[in-house]
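**Student:** Below: sequence and its predicted model.
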Amino acid sequence: MNALLTFISVIFILWIGRTVLLPLIIAVLFWYLVNILADYYKGLVRSRIAAGILSGATFVCGMYFFLRQINPMFGELYAKAPEISAGAQRIMADLSEIIGSSVSFSDLPSATEIITTIGSSAMSIGTALGLISVYMTFIFLEQWTFSKKLKALLPDVRRFNKMKFIIHSIDTHMKKYIAVKTIISFLTGVSSYILFKALGIDLAGVWAFIVFVLNYIPTIGSIVAGALPAIYAFALTGDLQVPLLSATGSIIINFILGNILDPKMMGKTLNLSTLAILVNLVFWGLMWGPTGMFFSVPILVMTLIVCAQFDKTRWIAILLSADGKIPDKIGE
């Protein structure tokens, strides 16, 4: 009974505190990206200070580019909203004739409403950038003293080594996952841009950007990212050729990059059950919306690593794993 009450309390806190927790989690993600860049630059310049400056400058430039591009991109898409709505109504009318029954479009949200919602969600990251920046600043300041604080909190050597191992494992897995996922998402976005341009689909840059972002969401993100440009092209033209070619090309790109290149780059870093990933995706989507979906896999990896280190929770780690193989316990 106590365990159930604790679980319900945690869920309630996660849901009610999402406005504070989400910027913190985004700040942790950005912190990881900066550290990944710093590790890369350190291998080139052989100087920690220079690597830190270069990684910080790269991150700031990337964020500046993101904020400068996001508004015009969704502005272009918003301008096309009337055409998309008209095309959707035409499709509904044709569908009504085929099935011999009236299909109402009035109850569905308009393209303008959908685009506005998506755009406002994307811009919410920009508006929360101030709070995210504050979080990042303090995370970087605490980074250099975290090991000392951990040692002071856990004077027992065995407990300290266990916690250090858990944190190191999470850190290693997260850095590799974020780095590989970013590279794969970037390559998917670039490949999709070339495909959309070759097919003559309007707003190729906007769709490629959406593909890049949605690729961070496992399984569902790739499906939605591939379907949206095809639906858009069909709604505007009513011709099936371009949408089919777009959808087929997206499937091929995702298969090559997501099913062949991604596993080779990731190696055996992630050993997660597909069912666990999907359930986790739905859960965090309900808790925190689209942002929760982005972080569903990292949260699942951390859960598996932590649960594998304690006797009472190892069964949870086994259920979350793909083949029942989980990390060995240490400090025993």
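**Tutor:** Thanks, I have it.
**Student:** buried stuff in stretch 144-161?
**Tutor:** Applying a neighbour-count criterion of 16 or more other C-beta atoms under 10 Å, one finds Phe160 buried in stretch 144-161. The C-beta positions use only the backbone N, C-alpha and C, and glycine is treated the same way.
**Student:** Need the CA coordinates for it. CSV is fine.
**Tutor:** What follows is stretch 144-161, C-alpha atoms only, in CSV (Å, rounded to 0.1, in the frame of the first residue of the first chain):
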residue,chain,number,x,y,z
TRP,A,144,33.1,20.7,-11.1
THR,A,145,32.1,20.1,-7.4
PHE,A,146,29.5,17.3,-7.9
SER,A,147,32.0,14.5,-7.2
LYS,A,148,33.1,16.1,-3.9
LYS,A,149,29.5,16.6,-2.8
LEU,A,150,28.7,13.0,-3.7
LYS,A,151,31.6,11.7,-1.6
ALA,A,152,30.5,13.9,1.3
LEU,A,153,27.0,12.6,1.0
LEU,A,154,28.1,8.9,0.9
PRO,A,155,31.0,8.4,3.3
ASP,A,156,30.6,4.7,3.0
VAL,A,157,33.1,3.6,0.3
ARG,A,158,30.9,0.7,-1.1
ARG,A,159,27.8,2.9,-1.4
PHE,A,160,29.9,5.7,-2.9
ASN,A,161,31.4,3.4,-5.5
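**Student:** From the chain's centroid, how far away is that stretch?
**Tutor:** Chain-centre distance of stretch 144-161: 31 Å, with C-alpha atoms, centre = their mean, to the nearest Å.
**Student:** how about Leu54, what does it touch?
**Tutor:** Each residue near Leu54 by C-beta atoms under 8 Å, 6 or more residues apart in numbering is listed here: Leu37, Ala38, Tyr41, Val45.
**Student:** Mind doing that once more with 7 Å?
**Tutor:** With contact set as C-beta atoms under 7 Å, 6 or more residues apart in numbering, Leu54 has these partners: Tyr41.
**Student:** check which helix or strand covers it.
**Tutor:** Leu54 belongs to helix 48-79 when elements are defined using DSSP states H and E.
**Student:** For that helix, what is the distance to the chain centroid?
**Tutor:** For helix 48-79, the distance to the chain centre is 17 Å (C-alpha atoms, centre = their mean).
**Student:** just stretch 165-185 next, same as before
**Tutor:** 13 Å.
**Student:** low-scoring stretches of the chain, by residue?
**Tutor:** Residues of the chain meeting the criterion pLDDT under 70: 1-4, 69-71, 73-78, 80-128, 266-270, 330-332.
**Student:** And for Leu203, the neighbour number?
**Tutor:** 17 (other C-beta atoms under 10 Å).
**Student:** oh sorry, the question was meant for Ser222
**Tutor:** Neighbours around Ser222, by other C-beta under 10 Å: 23.
**Student:** now Thr19
**Tutor:** 9.
**Student:** Which of the three states applies to it?
**Tutor:** Using DSSP: H, G, I helix; E, B strand; the rest coil as the criterion, the local structure at Thr19 reads helix.
**Student:** Would you mind measuring from it to Trp288?
**Tutor:** Note on Thr19: its distance to Trp288, by C-beta to C-beta, to the nearest Å, is 10 Å.
**Student:** Phe234 too?
**Tutor:** Relative to Trp288, and taking C-beta to C-beta, Phe234 is found at 32 Å.
**Student:** what do you get for Arg158?
**Tutor:** The gap separating Arg158 from Trp288 is 36 Å, by C-beta to C-beta.
**Student:** and if you look at Ser191?
**Tutor:** From Ser191 across to Trp288, the span is 29 Å (C-beta to C-beta).
**Student:** can you check Leu300 too?
**Tutor:** For Leu300, the distance to Trp288 (C-beta to C-beta) stands at 14 Å.
**Student:** higher neighbour count, those two?
**Tutor:** Higher neighbour count among Leu300 and Trp288: Leu300, with 22 against 19, using other C-beta under 10 Å.
**Student:** Which helix or strand contains the nearest residue to the more buried one once chain neighbours are set aside?
**Tutor:** Closest residue in space to Leu300, ignoring its immediate chain neighbours: Asn280 at 4.7 Å, by C-beta to C-beta, 6 or more residues apart in numbering. Per DSSP H and E: Asn280 is located in helix 274-288.
**Student:** Can you give the distance of that helix from its chain's centre?
**Tutor:** Chain-centre distance of helix 274-288: 12 Å, with C-alpha atoms, centre = their mean.
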